[in-house]
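Asks: model this:
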Amino acid sequence: MASGPFPCLGLPPHRLWALRPGIYEDERGRTWVIVVVRLSPSWRAQGRAPRHHAHEPSITVHIWQMPVHPQVPMLPSELTLSQLPFTWQLHPGGRYRAMDSRLWEIEDHGQVDSTEQLILTQLPPGND
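Replies: Numbering: from 1, shown residues only. Just a heads-up that it's a prediction; the model follows:
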């Protein structure tokens, strides 16, 4: 995890709401676009033998703050197929809590050229 916010950026958004699949808006009306979704396997040992391992997929998203053409927001019921949360709420400790109560750790809050970026990784259940 990054040691803190990028000096000229300030704090990350307090809340992100989905407008459309892959497009979010923060409390200041800025739009954020999912540019990378990385799914990677994560194995947790539950016993000594390999057959006792449980698979917990890990999701990491790269979100860039960038303007998008105005669009009519979709209803939450229209976004149900997405594996990403409808809302992320910033919590202490460099984490976001999603509507499903899962935690997402802020891996990075910085800049790529002049674009503000957040990198979030979904934590396994039980990491409250």
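
Asks: Glu78 belongs to a helix?
Replies: Yes - with DSSP: H, G, I helix; E, B strand; the rest coil as the criterion, Glu78 is part of a helix.

Asks: look up the pLDDT of it for me, please.
Replies: Looking at Glu78, its pLDDT is 71.

Asks: repeat that for Cys8.
Replies: So Cys8 comes in at 65 (pLDDT).

Asks: okay, now the unreliable bits of the protein?
Replies: Where the chain drops to pLDDT under 70, the residues are 1-8, 42-56, 76, 79-81, 128.

Asks: that one: strands as residue ranges?
Replies: Counting by DSSP state E, the segments of the chain that form strands are 15-20, 23-26, 31-40, 43-45, 53-55, 58-65, 87-91, 95-98, 103-112, 115-122.

Asks: quick one: strands adjacent to the last one?
Replies: So the one you mean is strand 115-122. Paired with strand 115-122 in the same sheet, following DSSP bridges, are strand 58-65 (antiparallel), strand 103-112 (antiparallel).

Asks: what does the second one give?
Replies: In the sheet containing strand 23-26, the strands it pairs with under DSSP bridges are strand 15-20 (antiparallel), strand 31-40 (antiparallel).

Asks: which other residues reach the last one?
Replies: To tie it back to what came earlier, the one meant is strand 31-40. 13, 16, 19, 22-26, 57-68, 83-84, 118 (Cβ atoms under 8 Å, 6 or more residues apart in numbering). Every C-beta, even on glycine, is put in place using the N, C-alpha and C of the backbone.

Asks: could you redo the last one with a cut-off of 6 Å?
Replies: Under the contact criterion Cβ atoms under 6 Å, 6 or more residues apart in numbering, strand 31-40 has outside partners 16, 22-25, 57-66, 68.
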